[in-house]
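Enquirer: sharing a model prediction with you, sequence too.
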Amino acid sequence: MSAEANSETNSQDGDGKVSRVIRIGTRKSQLARIQTDSVAEKLKELYPDVHLEIVAMSTTGDKILDTALSKIGEKSLFTKELENALERNEVDLVVHSLKDLPTVLPLGFTIGAVLKRENPQDAVVLHPKHAGKSLDLLPNKSIIGTSSLRRAAQLKKRFPHLEFKDIRGNLNTRLKKLDENNDFSAIILAAAGLQRMGWETRISQVLGPEDCMYAVGQGALAVEVRARDQDILEMVSVLHDPDTVLRCIAERAFLRHLEGGCSVPVAVHTEVKNSQLYLTGAVYSLDGSDSLKETMQTSIALDSQEQEQVDEKVQRVGITALKVSEAAQDAAEKLGVDLANLLLSKGAKEILTVARQLNDAR
């Protein structure tokens with residue numbers, strides 16, 4: 001790590017030694033704090049001399065709780081205030097859920113680390129009165145809570161006997177709404193969030209790709225930094241998990257090329273097997289009746305002799321991965337673009353345009 005700290009302050013410990021202070025920005029929710037603490041612990045293990053301070057703040061998405069996310073139409077709902085603090089040098093890095101970060105970041109920022117992905121799939125949390133059931137066993141016209149167009153579109157198609165209704169708020173709020181009222185028979189949440197909160201016992205059913213494919217970047221944590229801060233970029237780059245980075249570059253390239261966002265139903269599924277990266281991508285109409293889904297693969301074989309220097313000025317869909325093969329990153333990005341082009345050639349644009357118009361009119 002270079003000695004020239006940009007805006008970071010230094011503090012003296014009891015031995016009179018000067019230790020560098022790094023400030024980490026986070027949302028205020030319990031889950032965001034747990035996620036940020038987990039990143040801080042990893043950094044502390046790697047850099048014991050660095051003093052870490054956590055700065056929590058509320059974002060627009062945390063404040064607007066009476067409107068469906070897809071209706072607000074703001075791409076950086078959960079990130080803007082954190083990025084403003086990063087720009088003003090009030091914090092030095094920010095921890096996000098990768099799925100909250102748009103595929104194009106504001107100028108001057110980059111994702112310096114994508115950590116090892118947890119389970120990216122969605123989970124069903126049932127109302128206590130339905131304990132032991134699964135979605136297909138719920139009574140006709142049971143109401144399922146989800147604020148995601150992607151989840152609703154896929155599940156409407158898969159479980160036509162169910163009805164879907166928006167539910168907003170952080171994890172704690174949503175679970176409270178489920179348990180204390182009789183409005184919902186079940187809610188759909190990201191399995192990773194429930195696991196990080198220690199609430200695995202509330203998971204009634206994990207939805208596999210045949211039921212519901214996940215959101216781009218779901219289950220992965222990202223560390224956003226100022227692109228010019230080479231020492232911070234170098235410091236956090238050791239947190240990168242190569243497989244997760246490549247999967248998420250492919251997913252984000254697919255979404256960006258489709259020009260999708262949270263106001264249209266786009267879903268993905270990726271895996272790395274025998275040096276091959278597989279990407280399945282799909283687009284849906286709002287009710288799930290119209291859809292396109294395809295799978296492509298590419299080789300990401302890494303030459304063990306290859307010790308290339310990755311250019312820190314090169315971003316792929318907002319990600320700077322200093323410790324991951326450039327050839328593999330290029331292949332992953334191309335895979336995402338190629339799959340998007342395949343779906344576009346089959347009519348994806350029309351499906352997404354209608355979905356966007358219908359959502360705006362809701």
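Expert: Here it is on my side, so go on.
Enquirer: which residues touch residue 142?
Expert: Contacts of residue 142 were listed using Cβ atoms under 8 Å, 6 or more residues apart in numbering, and they are 161, 162, 163, 185, 186. Any C-beta I mention is one placed from the backbone N, CA and C, and that applies to glycine too.
Enquirer: and the nearest residue to the last one once chain neighbours are set aside, how far from residue 204?
Expert: The shortest distance from residue 186 to any residue other than its chain neighbours is 4.7 Å, reached at residue 126 (Cβ to Cβ, 6 or more residues apart in numbering). According to Cβ to Cβ, to the nearest Å, residue 126 and residue 204 sit 4 Å apart.
Enquirer: picking that back up, would you format the contacts of residue 142 as a markdown table with secondary structure and distance to residue 178 included?
Expert: Output for the contacts of residue 142, formatted as a markdown table (DSSP: H, G, I helix; E, B strand; the rest coil; distance: Cβ to Cβ, whole Å):
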| residue | secondary structure | distance to residue 178 |
| --- | --- | --- |
| 161 | coil | 19 |
| 162 | coil | 15 |
| 163 | strand | 15 |
| 185 | coil | 9 |
| 186 | strand | 7 |
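Enquirer: surely residue 227 is in contact with residue 319?
Expert: No - in terms of Cβ atoms under 8 Å, residue 227 does not count as a neighbour of residue 319; the distance is 11.3 Å.
Enquirer: name the residues contacting each of those two.
Expert: Residues within reach of residue 227 and of residue 319 at once, by Cβ under 8 Å, 6+ apart, are residue 110.
Enquirer: who has more neighbours out of those two?
Expert: The neighbour comparison of residue 227 against residue 319 (other Cβ atoms under 10 Å) goes to residue 319, with 27 against 19.
Enquirer: so what sits opposite the more buried one in the bridge?
Expert: Applying DSSP bridges to residue 319 gives these bridge partners: residue 111, residue 316.
Enquirer: tell me how far it lies from residue 251.
Expert: Residue 319 sits 11 Å away from residue 251, going by Cβ to Cβ.
Enquirer: and residue 160, by the same measure?
Expert: 28 Å.
Enquirer: neighbour count: these two, which is higher?
Expert: Counted by other Cβ under 10 Å, residue 160 and residue 251 do not tie: residue 251 has more neighbours, with 32 against 12.
Enquirer: just the strands from the stretch 151-300 of the chain, written as ranges.
Expert: Counting by DSSP state E, counting those that start in this stretch, the stretch 151-300 of the chain has strands at residues 163-165, 186-190, 205-207, 221-226, 266-273, 276-284, 291-299.
Enquirer: now render these as CSV, adding mean pLDDT, distance to residue 232 and mean neighbour count.
Expert: Supplementary listing: the strands of the stretch 151-300 of the chain in CSV, determined by pLDDT from 0 to 100; distance: least, Cβ to Cβ, whole Å; neighbours: other Cβ atoms under 10 Å:
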stretch, mean pLDDT, distance to residue 232, mean neighbour count
strand 163-165, 96, 42, 16
strand 186-190, 97, 28, 24
strand 205-207, 97, 36, 18
strand 221-226, 96, 5, 25
strand 266-273, 97, 28, 21
strand 276-284, 97, 28, 22
strand 291-299, 97, 31, 16
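Enquirer: so which of those strands is nearest residue 235?
Expert: Proximity of the strands of the stretch 151-300 of the chain to residue 235 was assessed by Cβ to Cβ; the nearest stretch is strand 221-226, lying at 8.8 Å.
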